[in-house]
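K.L.:
pasting the structure only:
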């Protein structure tokens, strides 16, 4: 199983970025996929996830209305479109995947992780 994130970078407040997570080595559409982020000195937190069973999408309150997660099963890729970025969105963003996920917001439930991509929002 391999997850490879891309698309991070430095952006000004109010700007946009689109993160991608390319997956390989497993049946992509059968897995719950999530985006987590972790800022220095803070705990890893869920940003969004798409469940494997019904395809429903969740976004954390802190990003709701600004971020949108989507998946393209034909390309084995998930995306995180991030608009109206704020300084507090600065963190390393990780893509995670798991099959037997009972609580998608808990990062410890995910066995597969990418290496992360840094997002820095600063003027």
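P.N.:
Arrived safely, thanks for sending. The model shown is predicted, which means the values in this text are computed figures rather than measured ones. Numbering: from 1, shown residues only.
K.L.:
Pull the contacting residues for the one residue sitting closest to the centre of the chain.
P.N.:
Centroid-nearest residue in the chain, with CA atoms, centre = their mean: residue 35, separated by 2.0 Å. Neighbour list for residue 35: 19, 21, 46-49, 69, 78, 80, 93-96 [criterion: CB atoms under 8 Å, 6 or more residues apart in numbering]. Yep, even glycine has a C-beta here, placed from its N, CA and C like the rest.
K.L.:
Surely residue 19 is in contact with residue 85?
P.N.:
No - look at residue 19 against residue 85 with CB atoms under 8 Å: they stay out of range, at 11.5 Å.
K.L.:
what residues are shared contacts of those two?
P.N.:
Applying CB under 8 Å, 6+ apart, one finds that residue 19 and residue 85 are jointly contacted by residue 119.
K.L.:
returning to what we had before: now the residue nearest to the centre of the chain: which helix or strand?
P.N.:
strand 32-38 (DSSP states H and E).
K.L.:
The residue nearest to the centre of the chain pairs with what?
P.N.:
Beta-bridge pairing of residue 35 under DSSP bridges involves residue 48, residue 95.
K.L.:
Tell me how far it lies from residue 77.
P.N.:
13 Å (CB to CB, to the nearest Å).
K.L.:
same thing with residue 83?
P.N.:
To residue 77, residue 83 is 19 Å away according to CB to CB.
K.L.:
The two: who's more crowded?
P.N.:
The residue with more neighbours, out of residue 83 and residue 77, is residue 77; 18 against 14, by other CB atoms under 10 Å.
K.L.:
Find the nearest non-adjacent residue to that one, please.
P.N.:
residue 22 (5.1 Å; CB to CB, 6 or more residues apart in numbering).
K.L.:
I'd assumed residue 119 was in a strand, is it?
P.N.:
Yes - checked against DSSP: H, G, I helix; E, B strand; the rest coil, residue 119 lies within a strand.
K.L.:
show me the contacts for the residue lying closest to it once chain neighbours are set aside.
P.N.:
Closest residue in space to residue 119, ignoring its immediate chain neighbours: residue 8 at 4.8 Å, by CB to CB, 6+ apart. By CB under 8 Å, 6+ apart, residue 8 lies in contact with 17, 19, 93, 117-119.
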